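# predicted model follows, preceded by the sequence.
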Amino acid sequence: MTAPDPTPAPPAFPHIELKDLFNIVQHEENLPWQYFRDGVDIVRLYGDGITGPTAALIRFRREGRVPTHYHDGWEHIFVLAGSQRDQSGTIHAGTLRIHPPGTHHSVVSEAGCIVLAIYEKPVKFLGEKAGGAAAVAKGESEERE
């Protein structure tokens with residue numbers, strides 16, 4: 001009989017380490033940004049935005065907007081650069097805002113910003129046709145006119 005191997009199994013997901021986040025604008029072009037919405041790009045750190053917890057860097061270009069969406073779970077927004085505004089007011093670099101389950105809001109960044117977004121459950125975009133939010137959550141391009 002062989003003794004069990006005491007070596008732990010490798011993690012299911014790789015470790016993620018992001019350095020120098022407070023200076024992210026100095027190296028933002030080195031990140032693999034993908035289309036999220038007009039004027040808004042995303043880098044998913046983990047999760048797909050559809051089936052469970054997700055963490056992502058979100059870059060709002062000047063006047064970038066995310067339409068009204070509903071939170072079934074907790075959402076943490078940590079502003080790394082610039083500022084953004086929603087119905088609760090404007091938050092600037094260095095600010096963490098936590099939206100509890102059951103809340104909804106829309107977001108705009110007049111001058112542009114980059115945030116770290118961590119959310120427990122997928123958000124639901126209000127007023128979108130079926131499949132639209134899922135396609136956007138995956139980072140797929142929507143049909144543009």
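Yep, that arrived.

# mean confidence (pLDDT) on stretch 71-88, please.
When pLDDT is averaged along stretch 71-88, the result is 96.

# got any ranges where the chain has weak pLDDT?
Applying pLDDT under 70 to the chain flags residues 1-2, 5, 9-13, 128-145.

# kindly recompute the last result at 80.
1-14, 128-145 (pLDDT under 80).

# the closest residue to G52 other than its chain neighbours: neighbouring residues, count only.
Nearest residue to G52 in three dimensions, chain neighbours excluded: K121, at 7.2 Å (CB to CB, 6 or more residues apart in numbering). For the C-beta atoms, the positions are set from N, CA and C on the backbone; glycine is no exception. With neighbours defined by other CB atoms under 10 Å, the count for K121 comes to 15.

# quick check, K121 in contact with G49.
No: in this structure K121 lies outside contact range of G49 using CB atoms under 8 Å: 10.2 Å.

# got the buried residues for the strand or helix carrying I77?
For I77, the element it lies in under DSSP states H and E is strand 75-86. In terms of neighbour count (16 or more other CB atoms under 10 Å), strand 75-86 has its buried residues at 75, 77-84, 86.

# list of residues touching it?
21-22, 24-25, 57, 60, 90-99, 105-120, 123 (CB atoms under 8 Å, 6 or more residues apart in numbering).
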